[in-house]
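Asks: Here's my sequence, what's the structure:
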Amino acid sequence: MRGLLFTSKTSSPASTPSSTPSHHRTFSASIQEEDLLYAEQVIKRWDLNSPSYTKLDSIFTGDRREARQFIKSVNNLQSAMNMFVSESASSDKIIHAQKLMLVAMKRLEKEFYKILSTNRDVLDSESVSIRSSRARSSVSNDDNASEEDDQVSVSSDSEMSLSDLVMADLKSIADCMIRSGYGKECVKIYKILRKSIVDETMYNLGVEKYSLNQINKMDWEVMEPKIKTWLHAEKVAVKLLFSGERILCDWVFSSSDKIRESCFAEICKERAVTLFEFPELVAKSKKSMDRMFRTLDMYSVISEQWPVIETIFSFESTATVRTQAVSAYVKLGDAVRAMLTDFETAMQKETLKSPVVSGGIHPLTRYVMNYLVFLSDYSDALSDIMADWPLQAGSPLPESYFSSVNSSEPSSIAARFAWLVLVLLCKIDAGAELYKDVAQSYLFLINNLNYVVLKVSNSNLRLLIGEDWLIKHNQKVKQYAGTYERMAWTKVTQSLPVHPAVDNLSNEDARDCFRRFNLEFIEACMKQSTWVISDHKLRDNVKISLSKKILPAYRTLYDRYRGCFRGVDSVVRYAPDDLGNYLSDLFHGTGAPGSSNGSSHSSSSSSSRAGR
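Replies: Numbers count the residues shown, from 1 in each chain. Take a look at the predicted model:
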């Protein structure tokens, strides 16, 4: 029957008795015709126009045995068609084979669409990224495998995840359709469905297209949340979405470099360009110091992701994405430079015009140090941005100051931070000169320098500026504290006799000591009642130091002479415990000394006097 079916109905006039009869075709041709018959049986069984179509499941379900047979049949059909053409077979055979091929392609087109549309959840970017390598190693690419090979492959299906199987099915269909000359139909479906997923994902991530005019009109309260949204979207889009789409394209269309490039470019290029346009527009918009950190965030994200961006969009057709990302990166760096220049200029121009009433931390100190602490978290990005931007100081810088800084290069990021701190310290020194009371000026220096030291110690500034700088300026805080104590409390300590002179005082001399001490002590407390030491540890250290200077000497005088002035309240006004309570109330800026513990002071004094 095969001979009758595929033998020409008309004999060639040129035939001679010596010509090979049609039923004596070559062995190869006989196999091809047999394969064609088998292909026809398999393909027609899955014909979309078959009456039983609606009752049939998808080919690509279960153990995929039918799918492998179908793909193999199509490949055999294609081989047969090539043979017919090469042997100048009659048009009837070609037409018949082409009709079969059209039926097969319609079926595969339907299967391809169904697999893509119903398996979106298992073709998400994360699953694709994780499982693509396993799919490559698990799926056999041998389209001419024997039945025994098929049986092995079938048994291995159960060991593959659903995403592995789906990717393998898509690749199998794409390879078959491209080989058969129907790649355009396959690609069209793929582009439409996958682009819709990318568009939807980017929309859900909050990625929008803006103009420079729109960005310029946005208040910072509106723009900052959009930048936060972009920072999240960029990481997800690059690491998962675009990366997954590139992997999926490369896998499904691995048989054609041209197709996989065009597919990926059409699916992702437009959205990727829009993604990287936003940071460039932000960089071109109004620049102010409060925008510095979000600008650095965007710069850092692009910098960190650049190797991935370059790999994903390596095709020539996606060069515009790389160009846009680089442009945004450069513009963000320029914006950071401009804002840092404004910050440095503003610092140098700043003048402390009035003293802080409490002698506490000046707002400029808080603002500058917090700004520098946040900046230090971006030291790597700033090092790149300022690599070719040497430090331009307005005046010569003391070498002794920079000798303690972790920097061998004056233009390094460490030297720049150290210089900014030095400018602030100069402002603090100038602010101390605004105080009429010398003791309070030193208290101001203590508070502000200690604040600077603590901020450096507890941030990345410590790594940049160095331990030597910290040791040197910690020592300076202690020196300021010692000077403050001498200036503020010398009259108090000098009013008390020094041991052993205290034992040789006359009653009148002792009376004078008590009266002078009472006067100096209460005057010192009243004067400093609104003064503060902001750091609790430093405050406790100063109180302990004062207590050691005052209480032992006063306790000796008190114990030796309190019985000599029984009933004279104006002479022995304080018990030693009262003094401790008064000192404890200092440096909180709460007002009159003892106000918070006045009742306890009074009670203590009364009980002491009652015992005399």
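
Asks: okay, now the domains of the chain?
Replies: Using automatic domain parsing, the domains assigned to the chain come out as 26-181, 197-336, 350-475, 495-610.

Asks: What residues of stretch 225-240 count as buried?
Replies: The neighbour-count check on stretch 225-240 (16 or more other CB atoms under 10 Å) flags 226-227, 230, 233-234, 236-240 as buried. All C-beta spots, glycine's among them, are computed from the backbone N, C-alpha and C.

Asks: So which of those residues belong to helices?
Replies: 226-227, 230, 233-234, 236 (DSSP state H).

Asks: so what's residue 34 scoring on pLDDT?
Replies: On pLDDT, residue 34 comes in at 71.

Asks: tally of neighbours for it?
Replies: As a burial measure, residue 34 scores 13 neighbours (other CB atoms under 10 Å).

Asks: what residue ranges in the stretch 51-200 of the chain score low on pLDDT?
Replies: 51-57, 85-91, 126, 129-160 (pLDDT under 70).

Asks: all helices of it, in order?
Replies: 65-86, 91-118, 125-138, 147-156, 162-179, 183-204 (DSSP state H, counting those that start in this stretch).

Asks: Relative to residue 191, which of the buried residues of stretch 225-240 is nearest.
Replies: Lowest distance from residue 191 to those (CB to CB) belongs to residue 237, with 18.6 Å.

Asks: still on that earlier bit, could the buried residues of stretch 225-240 be laid out in CSV, adding distance to residue 64?
Replies: Below are the buried residues of stretch 225-240 laid out as CSV (distance: CB to CB, whole Å):
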residue, distance to residue 64
226, 47
227, 48
230, 43
233, 38
234, 39
236, 33
237, 33
238, 34
239, 32
240, 28
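
Asks: Scan the helices and strands of the chain for the one with the lowest mean pLDDT.
Replies: Every helix and strand in the chain was compared by mean pLDDT, DSSP states H and E; the lowest is helix 2-5, with a mean of 32.

Asks: need the domains of the chain in TSV with distance to residue 486, can you?
Replies: Formatted as TSV, the domains of the chain follow (distance: least, CB to CB, whole Å):
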stretch	distance to residue 486
domain 26-181	67
domain 197-336	40
domain 350-475	9
domain 495-610	10
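
Asks: Need phi/psi at residue 124.
Replies: Main-chain torsions, residue 124, degrees, to the nearest 10: phi -70, psi 160.

Asks: Ok, residue 267 next?
Replies: phi -80, psi -40.

Asks: residues in contact with it?
Replies: Neighbouring residues of residue 267 by CB atoms under 8 Å, 6 or more residues apart in numbering: 191, 194-195, 198, 245, 249.

Asks: Can I get those residues in TSV including distance to residue 220?
Replies: What follows is the contacts of residue 267, written out as TSV (distance: CB to CB, whole Å):
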residue	distance to residue 220
191	40
194	37
195	34
198	31
245	34
249	40
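
Asks: If you rank those residues by neighbours, which is first?
Replies: Within the contacts of residue 267, most neighbours by other CB under 10 Å means residue 245, with 26 neighbours.

Asks: buried set for the strand or helix carrying that residue?
Replies: Element membership for residue 245 (DSSP states H and E) is helix 243-252. Within helix 243-252, the residues that count as buried by 16+ other CB under 10 Å are 243-249, 251-252.

Asks: Which single one of those residues is nearest to residue 103?
Replies: For the buried residues of helix 243-252, the nearest to residue 103 is residue 252 (23.0 Å; CB to CB).

Asks: So the closest one versus residue 175, what's the distance?
Replies: In this view, residue 252 and residue 175 are 9 Å apart by CB to CB, to the nearest Å.

Asks: next one: residue 497
Replies: 105 Å.

Asks: and what of residue 113?
Replies: 17 Å.

Asks: go on, residue 331?
Replies: 44 Å.

Asks: now do residue 123
Replies: Taking CB to CB, one finds residue 123 at 18 Å from residue 175.

Asks: which other helices and strands contact the longest helix that the chain contains?
Replies: As assigned by DSSP H, the longest helix anywhere in the chain is helix 319-349. Judged by 3 or more CB pairs under 8 Å, 6 or more residues apart in numbering; DSSP states H and E, helix 319-349 is in contact with helix 257-284, helix 292-312, helix 379-385, helix 413-432.

Asks: buried sites along the shortest one?
Replies: Just to be clear, that refers to helix 379-385. Residues of helix 379-385 classed as buried: 381-382, 384-385 (neighbour count, 16+ other CB under 10 Å).

Asks: okay if I get those as a markdown table plus distance to residue 434?
Replies: Formatted as a markdown table, the buried residues of helix 379-385 follow (distance: CB to CB, whole Å):
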| residue | distance to residue 434 |
| --- | --- |
| 381 | 38 |
| 382 | 33 |
| 384 | 40 |
| 385 | 36 |
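
Asks: most tightly surrounded among the helices of the stretch 51-200 of the chain?
Replies: The highest mean neighbour count among the helices of the stretch 51-200 of the chain, using mean count of other CB atoms under 10 Å, belongs to helix 162-179: a mean of 22.
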